[in-house]
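> 3D model of this:
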Amino acid sequence: GLRKQPKTLPALLFYANEGLKHWNHHSHQPEFYPRHQEVQILKKKAQEIAASIPMNSVVVDLGSALDKVIHLLEALEVQEKNISYYALDVSASQLESTLAAIPTQNFRHVRYAGLHGTFDDGLHWLKEAPEARDLPHTVLLFGLTIGNFSRPNAAAFLSNIGQHAFQGKSGDQCSILMSLDSCKVPTQVLRAYTCEGVVPFALQSLTYANSLFSEKNKTQASGDVQHKVFNPDEWYYLSEWNFVLGRHEASLIPRSKDIELPAPLDGIV
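Numbering: from 1, shown residues only. A predicted model of the protein is given here:
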């Protein structure tokens, strides 16, 4: 991604354990309307959504958003739907926290478990796992995840879900439930994505990238000071509204001058 224009970082860099802590803090701020509205919608529509999910379905939550999904799980329990709910997360600690927070005493019909891995890992599991592949699937995609993609990439991502999740014997009973932000008020959107917590969340991606490079180069003597590929102090989080495309855009940019990255990213400016 760093050799392309525009340069990009893998999205997984943002969602290491520390990054998730910053994001959770940020997303619970009063100004971050998307999360609050998602919760309100799920509270209001939970019974209706639950009614559309077939009996004996496998529900996979791409992101383990329990504070939102709990309303749907409770509705499924009220309707006595025998459901297997799987929370998927790239962070093992976040996954453990999600599962520990489920009020187990409230559920008899809804079973739950965790899947540790990426979105691709979860989709591959849905397609291949004997205990899941031929059952109806409902894929949950909350947190406005799809909004992080360009339109072509979003279409490709949804197509990938279809190719993995909808191919079993119950493919015609499978569905995707996702959230999209329709707000086009620049000031409201910018407040949401500049409120407390978002800057350390964004910069943490650089710190995590440094840790990955350090693990790869552990041949250094124990007393040596390891060189950072990225210095977070040299970078600035930019949040802006693109009036031409009608969307919010965020990026990390150098604070004062072009930065030439050191090994192993030599030659990238």
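> Now do the lowest-mean-pLDDT helix or strand in the chain: distance to the chain's middle.
Lowest by mean pLDDT, DSSP states H and E among the helices and strands of the chain is helix 198-216, with a mean of 84. Offset of helix 198-216 from its chain centre (Cα atoms, centre = their mean, to the nearest Å): 17 Å.
> residue contacts, residue 167?
127, 133 (Cβ atoms under 8 Å, 6 or more residues apart in numbering). To be clear about C-beta, it is placed using only N, CA and C from the backbone, and glycine gets the same treatment.
> separation between residue 121 and residue 98?
In this structure, residue 121 lies at 16 Å from residue 98, with Cβ to Cβ, to the nearest Å as the measure.
> who has more neighbours, those two?
Remark: of residue 121 and residue 98, residue 98 carries more neighbours, 22 against 13, as counted by other Cβ atoms under 10 Å.
> ok, and the closest non-adjacent residue to that one?
The shortest distance from residue 98 to any non-neighbouring residue, by Cβ to Cβ, 6 or more residues apart in numbering, is to residue 64 (4.2 Å).
> Next up, the contacts around the one you found.
Applying Cβ under 8 Å, 6+ apart, the residues near residue 64 are 87-89, 94-95, 98, 114.
> Dump those residues into a markdown table; add secondary structure as well.
Compiled in a markdown table, the contacts of residue 64 are given as follows (DSSP: H, G, I helix; E, B strand; the rest coil):
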| residue | secondary structure |
| --- | --- |
| 87 | strand |
| 88 | strand |
| 89 | strand |
| 94 | helix |
| 95 | helix |
| 98 | helix |
| 114 | strand |
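> among the residues you listed, which one has the lowest pLDDT?
Ranked by pLDDT, these bottom out at residue 94, which has 87.
> Correct me if wrong: it contacts residue 17.
Yes - with contacts counted by Cβ atoms under 8 Å, residue 94 reaches residue 17, the gap being 7.1 Å.
> neighbour-wise, which of those two wins?
With neighbours defined as other Cβ under 10 Å, residue 94 and residue 17 compare such that residue 94 has more, 22 against 13.
> How is the nearest residue to that one once chain neighbours are set aside assigned, secondary-structure-wise?
Using Cβ to Cβ, 6+ apart and skipping the chain neighbours, the partner closest in space to residue 94 is residue 20 (5.3 Å). Of the three states, residue 20 takes helix under three-state DSSP.
> now residue 162
Using three-state DSSP, the three-state assignment for residue 162 comes out as helix.
> And it, what's its pLDDT?
You'll see residue 162 listed with a pLDDT of 91.
> that older thread, buried ones only from the contacts of residue 64, please, as a ChimeraX command.
If you want just the buried ones from those in ChimeraX, going by 16 or more other Cβ atoms under 10 Å, the selection is:
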select :87,88,89,94,95,98,114
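> could you pull out the strands for this structure?
Listed from the start of the chain, the chain has strands (DSSP state E) covering 58-62, 83-89, 110-116, 137-141, 175-178, 235-242, 247-254.
> want to throw these into a markdown table with distance to residue 8?
What follows is the strands of the chain, written out as a markdown table (distance: least, Cβ to Cβ, whole Å):
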| stretch | distance to residue 8 |
| --- | --- |
| strand 58-62 | 20 |
| strand 83-89 | 22 |
| strand 110-116 | 25 |
| strand 137-141 | 21 |
| strand 175-178 | 22 |
| strand 235-242 | 14 |
| strand 247-254 | 9 |
